[in-house]
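*Asks:* sequence and predicted structure are below.
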Amino acid sequence: MTDLVTTSAAARGEPAPRAAPASPASLLAEGCEHERRGRVPEAQRAFERAVSAAEACRDDRALAEALRRLAIVHRRRHELDAALRLCRRSHAVARAAGDAVLEAEALNGIAMIHFVRGEWDDARAQLRRALATGAESEALRARVEQNLGIMANAEGDLGAALRHYERSLASFRVSDDRRGCAIALHNIGMNRADRALWKEADDAFRASLELAEEIGDVALRGQALLNRTEVYVARQDFEAARGSVEEALRIFDGLDARELKANAYKWLGVLYRETGRSALAEARFRTALDLSVEIGSTLVQAETSRELGLLYGQLGRNQETLKLLSSSHRLFGRLNARRDLVDVAGKIGHLEGIYLEIVREWGASIESSDSYTFGHSGRVARYSEAVARAVGLGGQDLTAIRVGAHLHDLGKIKVPHEILNKAGTLTDDEFDVMKRHPVFGIELLAAVEFPWDVKPIVRSHHEKVSGRGYPDGLRGDEIPVAAQIACVADVYDALTSTRSYRPALAHDAALAIMQRERDESWRPDVFEAFMGSVGAAA
């Protein structure tokens, strides 16, 4: 009996059989696995192959899913036009196939692209359509609730956001979607951090991280690590913060997630600033700014400008501080114009508080070497605000007056010390130098584009309606009303404060002098507002 010997096709000189082409389902699974592992280029290639395979075998459901998954990759790279085209095609394919859930998933994807672009009305409309279209899918409901929470959180409605996140978490649990649960927990952590509930935030981030590690989702792990950094910084656990943000940065670098990288660099800057390493802080903030400008992330640019401004404020680099805070204010304003958000309004309000604190400190530092004028700018700002309110000003006009009053004597930095502190009468030449201080102040602020009309206050607070003021000899209505308000407050404080050349005058004596000068110096409405507020209250 002869043994049977099996020879291969190659040994027989025959062509090897072709391997079966990968199915759309296997390519989708491969792409999702690459995505979880943070291998974004590989995920993109797998989803692109899944699109081709689904087209070849006319599997419309797989095609709709592959297009949507590919759109997510482009959205995360901030390639929003490409992402929107893919999602719209996914929607059309799913609709033609009669698959309501896939159609709703595409609508959900379109909504998030509108969200990233700041097109909030469009985003909400698409989310409502998604819920109505895919109502029977618990998994879809979980994702839509999550996205509604993200929007509510961005709008500053933290209570509504938390309710959406908790509903999302419940739906993900019903669907046995561990990745969805991890995302919902991460968002709950961010919500609690926004409320400064640091322990509760840390618990949520820890739970999210544990799930992300179990399922091997590198991108989600990176985001949880990054946002947990804020908790560590708030608790002053700086070593833990450093480890968390550096690991997040390594992940985002591998993912080529540039907006997240910019955010990580911003938090590294915050960390180094809080631990006194100013050179490193500045370098990290600059990298974050460069990245955010490159990808067009207005929010990261605005937040980083604010944080770098705070660093420069700590270092006494006041002009650069105001320049950066002004830039941050404009960027937040651009976001607010694009999306009518309470959250952005809150950020602007917080930023204006920082701004006022910086100018208050700068104004005080100008006077710190002179015991006679110490506190002058702060008092002038307080009196100016009272007069401005009595005139009927409010809102941004009031903010401009506060800032301008604190900075009105900034130019005295460039006036020689012996002139500023001379005990006797100034010579004509010395007074000519003194009269230059408003112009000196404008020169020092030349690079700062204020969010408010501040510079006319600095330049014109010594102008008189008679035209006999300085530096420009303006007359009557040529003088900005805000400068007139600062002027009347400045004169009153100068008269009622001890100076090197005379003692302080009593309130009534100061008012008597101002009454004699009223027609020469001030508009009637400004002087009457002064008398009805500061003059009556003192």
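*Replies:* Okay, I see it.
*Asks:* list the contacts of stretch 158-172.
*Replies:* 138-139, 141-143, 145-146, 148-150, 152-153, 180-181, 183-185, 187-188, 191, 194-195 (C-beta atoms under 8 Å, 6 or more residues apart in numbering). Where C-beta positions appear, they are placed from N, C-alpha and C, glycine not excepted.
*Asks:* give me the phi and psi for Gly98.
*Replies:* phi 70, psi 20 (degrees, to the nearest 10).
*Asks:* ok, now how distant is it from Phe440?
*Replies:* 75 Å (C-beta to C-beta, to the nearest Å).
*Asks:* compare neighbour counts for those two and give me the winner.
*Replies:* Between Gly98 and Phe440, Phe440 has the larger neighbour count (other C-beta atoms under 10 Å), namely 19 against 10.
*Asks:* what's the separation between that one and Pro471?
*Replies:* Phe440 is 10 Å from Pro471, by C-beta to C-beta.
*Asks:* how about Lys347?
*Replies:* 37 Å.
*Asks:* do the same with Thr287
*Replies:* From Thr287 to Pro471 the distance is 42 Å (C-beta to C-beta).
*Asks:* ok, Arg284 next?
*Replies:* From Arg284 to Pro471 the distance is 42 Å (C-beta to C-beta).
*Asks:* between those two, which has more neighbouring residues?
*Replies:* Neighbour count, other C-beta under 10 Å: between Arg284 and Pro471, Arg284 has more, with 26 against 17.
*Asks:* the helix or strand the more buried one falls within: which residues count as buried?
*Replies:* Arg284 is part of helix 278-295, with elements assigned from DSSP states H and E. In terms of neighbour count (16 or more other C-beta atoms under 10 Å), helix 278-295 has its buried residues at 278, 281-282, 284-285, 287-289, 291-292, 295.
*Asks:* same for that helix, what does it pack against?
*Replies:* helix 258-274, helix 298-314 (3 or more C-beta pairs under 8 Å, 6 or more residues apart in numbering; DSSP states H and E).
*Asks:* domain map for the chain?
*Replies:* 23-129, 137-225, 257-364, 368-537 (automatic domain parsing).
*Asks:* okay if I get the ones you listed as TSV plus distance to Tyr232 and mean pLDDT?
*Replies:* Conversion of those to TSV gives the following (distance: least, C-beta to C-beta, whole Å; pLDDT from 0 to 100):
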stretch	distance to Tyr232	mean pLDDT
domain 23-129	23	91
domain 137-225	8	92
domain 257-364	9	84
domain 368-537	32	88
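*Asks:* among those, which comes closest to Ala234?
*Replies:* For those, the distance to Ala234 is smallest for domain 137-225, at 5.4 Å, taking C-beta to C-beta.
*Asks:* how long is that closest one end to end?
*Replies:* Start-to-end span of domain 137-225 (C-alpha to C-alpha, to the nearest Å) is 31 Å.
*Asks:* right, and the helix or strand after the lengthiest helix in the chain?
*Replies:* Ranked by residue count under DSSP state H, the longest helix found in the chain is helix 342-367. On the C-terminal side of helix 342-367, the closest following helix or strand by DSSP H and E is helix 376-391.
*Asks:* now do that following helix: which elements does it pack against?
*Replies:* helix 342-367, helix 395-407, helix 481-495, helix 524-530.
*Asks:* and among the ones you listed, the most buried is which?
*Replies:* Stretch with highest mean neighbour count among those: helix 481-495 (a mean of 24; mean count of other C-beta atoms under 10 Å).
*Asks:* give me the next element, helix or strand, following that helix.
*Replies:* Downstream of helix 481-495 (by DSSP H and E), the next one is helix 507-521.
*Asks:* so what pLDDT did Leu255 get?
*Replies:* Leu255 carries a pLDDT value of 82.
*Asks:* and it, how far is that from Arg39?
*Replies:* 8 Å.
*Asks:* what's the answer for Glu246, then?
*Replies:* For Glu246, the distance to Arg39 - C-beta to C-beta - is 21 Å.
*Asks:* do the same with Arg178
*Replies:* 20 Å.
*Asks:* follow-up on the earlier one: who wins for proximity to Ala423 among the helices and strands packed on helix 376-391?
*Replies:* Comparing the helices and strands packed on helix 376-391 by C-beta to C-beta, helix 481-495 comes nearest, at 15.9 Å.
*Asks:* re the thing from before, got the helices and strands packed on helix 278-295 as JSON lines, with distance to Leu84 columns?
*Replies:* Output for those, formatted as JSON lines (distance: least, C-beta to C-beta, whole Å):
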{"stretch": "helix 258-274", "distance to Leu84": "17"}
{"stretch": "helix 298-314", "distance to Leu84": "19"}
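*Asks:* in JSON lines: those, plus mean neighbour count and distance to Gly392.
*Replies:* Below are the helices and strands packed on helix 278-295 laid out as JSON lines (neighbours: other C-beta atoms under 10 Å; distance: least, C-beta to C-beta, whole Å):
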{"stretch": "helix 258-274", "mean neighbour count": "24", "distance to Gly392": "41"}
{"stretch": "helix 298-314", "mean neighbour count": "23", "distance to Gly392": "32"}
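*Asks:* wait, which of those is closest to Asp217?
*Replies:* Among the helices and strands packed on helix 278-295, helix 258-274 comes nearest to Asp217, with 14.0 Å by C-beta to C-beta.
*Asks:* what's the angle from that closest one to helix 278-295?
*Replies:* Counting by axes from the mean of the first three to the mean of the last three C-alpha atoms, to 10 degrees, helix 258-274 points 160 degrees away from the direction of helix 278-295.
*Asks:* can you pull the buried residues of the helix or strand where Thr321 lies?
*Replies:* Remark: Thr321 resides in helix 318-338, with elements defined by DSSP H and E. Within helix 318-338, the residues scored as buried using 16+ other C-beta under 10 Å are 318, 320-329, 331-336.
*Asks:* Gly316: how many residues sit nearby?
*Replies:* Counted with other C-beta under 10 Å, the neighbours of Gly316 add up to 11.
*Asks:* and the spatially most central residue of the chain, what is it in contact with?
*Replies:* By C-alpha atoms, centre = their mean, the chain has its centre lying nearest to Glu303, at 3.4 Å. Going by C-beta under 8 Å, 6+ apart, Glu303 touches 266, 328.
*Asks:* residues in contact with stretch 54-69: which ones?
*Replies:* Outside stretch 54-69, the residues touching it (C-beta under 8 Å, 6+ apart) are 21, 23-25, 27-28, 31-32, 35, 47, 50-51, 53, 86-87, 89-91, 93-94, 96-97, 99, 102-103, 105-106, 109.
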